[in-house]
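# Have a look at this prediction, sequence included:
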Amino acid sequence: MTTTAPSADARALGLAHYAARGVLETVLARYGTTFQQMIALRAVATAETPVERGEVVGYVVDSLKAEAAEADAVVEELLAGGLIAAEASRLRVTDSGRELFARTGSEQKEISARIWGGIPAEDLAAAGRVLSLVTERANRELATLSA
(Lines give C-alpha, C1' and ligand atoms only; values in the text may rest on other atoms or scores of the structure.)
Protein backbone atom coordinates (compact mmCIF):
# COMPACT_ATOMS: atom_id res chain seq x y z
CA MET A 1 0.00 0.00 0.00
CA THR A 2 1.44 3.34 -1.08
CA THR A 3 0.46 6.61 0.52
CA THR A 4 0.91 9.93 -1.20
CA ALA A 5 1.89 13.10 0.53
CA PRO A 6 -0.92 15.63 0.86
CA SER A 7 -0.82 18.59 -1.49
CA ALA A 8 -0.02 21.97 -0.06
CA ASP A 9 -3.04 24.22 0.02
CA ALA A 10 -4.46 27.08 2.09
CA ARG A 11 -5.81 24.69 4.73
CA ALA A 12 -2.47 22.90 5.16
CA LEU A 13 -0.68 26.23 5.38
CA GLY A 14 -3.18 27.51 7.94
CA LEU A 15 -2.90 24.39 10.08
CA ALA A 16 0.90 24.60 10.07
CA HIS A 17 0.79 28.32 10.88
CA TYR A 18 -1.58 27.93 13.82
CA ALA A 19 0.27 24.91 15.19
CA ALA A 20 3.57 26.80 15.13
CA ARG A 21 1.98 29.99 16.46
CA GLY A 22 0.37 28.00 19.26
CA VAL A 23 3.79 26.74 20.30
CA LEU A 24 5.24 30.26 20.20
CA GLU A 25 2.33 31.81 22.09
CA THR A 26 2.68 29.17 24.81
CA VAL A 27 6.35 30.09 25.22
CA LEU A 28 5.59 33.82 25.21
CA ALA A 29 2.76 33.47 27.74
CA ARG A 30 5.30 32.20 30.29
CA TYR A 31 6.96 35.60 30.01
CA GLY A 32 3.73 37.61 30.04
CA THR A 33 4.26 38.63 26.41
CA THR A 34 1.95 38.40 23.41
CA PHE A 35 2.71 37.38 19.85
CA GLN A 36 1.98 40.92 18.66
CA GLN A 37 4.36 42.38 21.23
CA MET A 38 7.13 40.02 20.17
CA ILE A 39 6.73 41.04 16.53
CA ALA A 40 7.12 44.71 17.49
CA LEU A 41 9.96 43.96 19.90
CA ARG A 42 11.80 42.07 17.14
CA ALA A 43 11.74 45.19 14.95
CA VAL A 44 13.47 47.19 17.69
CA ALA A 45 15.69 44.50 19.21
CA THR A 46 17.27 43.47 15.92
CA ALA A 47 17.99 47.02 14.77
CA GLU A 48 21.54 48.30 15.11
CA THR A 49 20.35 51.80 15.99
CA PRO A 50 17.12 53.30 17.38
CA VAL A 51 14.21 52.91 14.97
CA GLU A 52 11.57 55.46 14.01
CA ARG A 53 8.30 54.64 15.71
CA GLY A 54 6.49 54.76 12.38
CA GLU A 55 8.82 52.09 10.99
CA VAL A 56 8.01 49.78 13.90
CA VAL A 57 4.29 50.37 13.49
CA GLY A 58 4.63 49.74 9.74
CA TYR A 59 6.54 46.52 10.39
CA VAL A 60 3.78 45.24 12.68
CA VAL A 61 1.06 46.29 10.21
CA ASP A 62 2.85 44.56 7.35
CA SER A 63 3.75 41.43 9.32
CA LEU A 64 0.38 40.88 10.98
CA LYS A 65 -1.93 42.64 8.52
CA ALA A 66 -3.08 44.69 11.50
CA GLU A 67 -4.51 48.18 11.63
CA ALA A 68 -2.06 50.98 12.40
CA ALA A 69 -3.94 51.87 15.60
CA GLU A 70 -3.58 48.28 16.85
CA ALA A 71 0.12 48.24 16.02
CA ASP A 72 0.62 51.58 17.76
CA ALA A 73 -1.15 50.20 20.85
CA VAL A 74 1.32 47.28 20.87
CA VAL A 75 4.22 49.76 20.80
CA GLU A 76 2.60 51.56 23.76
CA GLU A 77 2.41 48.25 25.67
CA LEU A 78 6.13 47.67 25.11
CA LEU A 79 6.92 51.21 26.27
CA ALA A 80 4.72 50.80 29.37
CA GLY A 81 6.36 47.45 30.12
CA GLY A 82 9.83 48.96 29.90
CA LEU A 83 10.89 46.65 27.06
CA ILE A 84 11.58 49.55 24.74
CA ALA A 85 12.26 53.23 25.38
CA ALA A 86 11.51 56.33 23.35
CA GLU A 87 14.11 58.87 22.35
CA ALA A 88 12.00 61.54 20.66
CA SER A 89 10.38 59.72 17.69
CA ARG A 90 12.86 56.84 17.81
CA LEU A 91 12.59 53.61 19.79
CA ARG A 92 15.41 51.56 21.29
CA VAL A 93 15.39 48.24 23.08
CA THR A 94 16.04 48.34 26.83
CA ASP A 95 18.17 45.86 28.74
CA SER A 96 15.02 44.06 29.92
CA GLY A 97 13.67 43.98 26.35
CA ARG A 98 16.96 42.61 25.05
CA GLU A 99 16.97 39.95 27.79
CA LEU A 100 13.37 38.93 27.04
CA PHE A 101 14.09 38.75 23.32
CA ALA A 102 17.17 36.59 23.93
CA ARG A 103 15.46 34.26 26.43
CA THR A 104 12.38 33.65 24.31
CA GLY A 105 14.55 33.33 21.20
CA SER A 106 16.71 30.69 22.85
CA GLU A 107 13.67 28.70 23.92
CA GLN A 108 12.09 29.02 20.47
CA LYS A 109 15.33 27.89 18.84
CA GLU A 110 15.34 24.66 20.83
CA ILE A 111 11.71 23.94 19.99
CA SER A 112 12.23 24.84 16.32
CA ALA A 113 15.12 22.38 16.13
CA ARG A 114 12.75 19.61 17.25
CA ILE A 115 10.03 20.68 14.82
CA TRP A 116 12.21 21.31 11.75
CA GLY A 117 14.96 18.79 12.48
CA GLY A 118 15.34 15.92 10.07
CA ILE A 119 13.52 17.57 7.19
CA PRO A 120 15.75 17.27 4.11
CA ALA A 121 17.33 20.54 2.94
CA GLU A 122 15.85 20.17 -0.54
CA ASP A 123 12.35 19.84 0.95
CA LEU A 124 12.90 22.96 3.05
CA ALA A 125 14.16 24.85 -0.01
CA ALA A 126 11.12 23.80 -2.06
CA ALA A 127 8.75 24.73 0.77
CA GLY A 128 10.51 28.08 1.15
CA ARG A 129 10.06 28.86 -2.54
CA VAL A 130 6.38 27.92 -2.44
CA LEU A 131 5.72 29.90 0.74
CA SER A 132 7.46 32.98 -0.68
CA LEU A 133 5.33 32.79 -3.80
CA VAL A 134 2.12 32.29 -1.82
CA THR A 135 3.00 35.24 0.43
CA GLU A 136 3.73 37.47 -2.57
CA ARG A 137 0.46 36.53 -4.28
CA ALA A 138 -1.62 36.85 -1.12
CA ASN A 139 -0.14 40.29 -0.39
CA ARG A 140 -0.97 41.35 -3.95
CA GLU A 141 -4.56 40.09 -3.54
CA LEU A 142 -4.89 41.86 -0.19
CA ALA A 143 -3.68 45.12 -1.74
CA THR A 144 -6.27 44.75 -4.51
CA LEU A 145 -9.05 43.99 -2.04
CA SER A 146 -8.05 46.90 0.20
CA ALA A 147 -7.89 49.44 -2.64
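Looks like it came in fine.
# Centre-most residue in this structure?
Ile39 (4.8 Å; Cα atoms, centre = their mean).
# Quick check: the gap between that residue and Phe101.
Distance of Ile39 to Phe101, computed by Cβ to Cβ, to the nearest Å: 11 Å. Backbone N, C-alpha and C define where each C-beta goes, glycine included.
# Give the buried residues for the helix or strand encompassing Glu110.
In this structure, Glu110 sits in helix 95-116 according to DSSP states H and E. Across helix 95-116, burial judged by 16 or more other Cβ atoms under 10 Å covers Gly97, Arg98, Leu100, Phe101, Thr104, Gln108.
# Repeat that for stretch 68-83.
Neighbour-count burial for stretch 68-83 [16+ other Cβ under 10 Å]: Ala71, Asp72, Val74, Val75, Glu77, Leu78, Gly81, Leu83.
# same question for that stretch, mean pLDDT?
Averaged over stretch 68-83, pLDDT sits at 98.
# Not counting it itself, show me its contacts.
34, 36-37, 39-41, 44, 53, 56-58, 60-61, 64, 84-86, 91, 93-94, 96-97, 100 (Cβ atoms under 8 Å, 6 or more residues apart in numbering).
# And for stretch 34-54?
21, 24-25, 28, 33, 55-56, 59-60, 63-64, 66, 70-71, 74-75, 77-78, 81, 83-84, 86-87, 89-93, 97-98, 100-101, 104.
# 7 Å instead, please
Applying Cβ atoms under 7 Å, 6 or more residues apart in numbering, the set of residues contacting stretch 34-54 from outside is 21, 24-25, 28, 56, 59-60, 63-64, 74-75, 77-78, 83-84, 87, 89-93, 97-98, 101, 104.
# Go through the residues you listed and flag which are in helices.
21, 24-25, 28, 56, 59-60, 63-64, 74-75, 77-78, 97-98, 101, 104 (DSSP state H).
# Next, the buried residues of stretch 54-71.
Quick answer for stretch 54-71 (16+ other Cβ under 10 Å): Val56, Val57, Tyr59, Val60, Val61, Ala66, Ala71.
# And the furthest pair within those?
Farthest pair in the buried residues of stretch 54-71 (Cβ to Cβ) is Val56 and Ala66. Separation: 12.2 Å.
# Below-threshold pLDDT in this protein: ranges please.
1-3 (pLDDT under 70).
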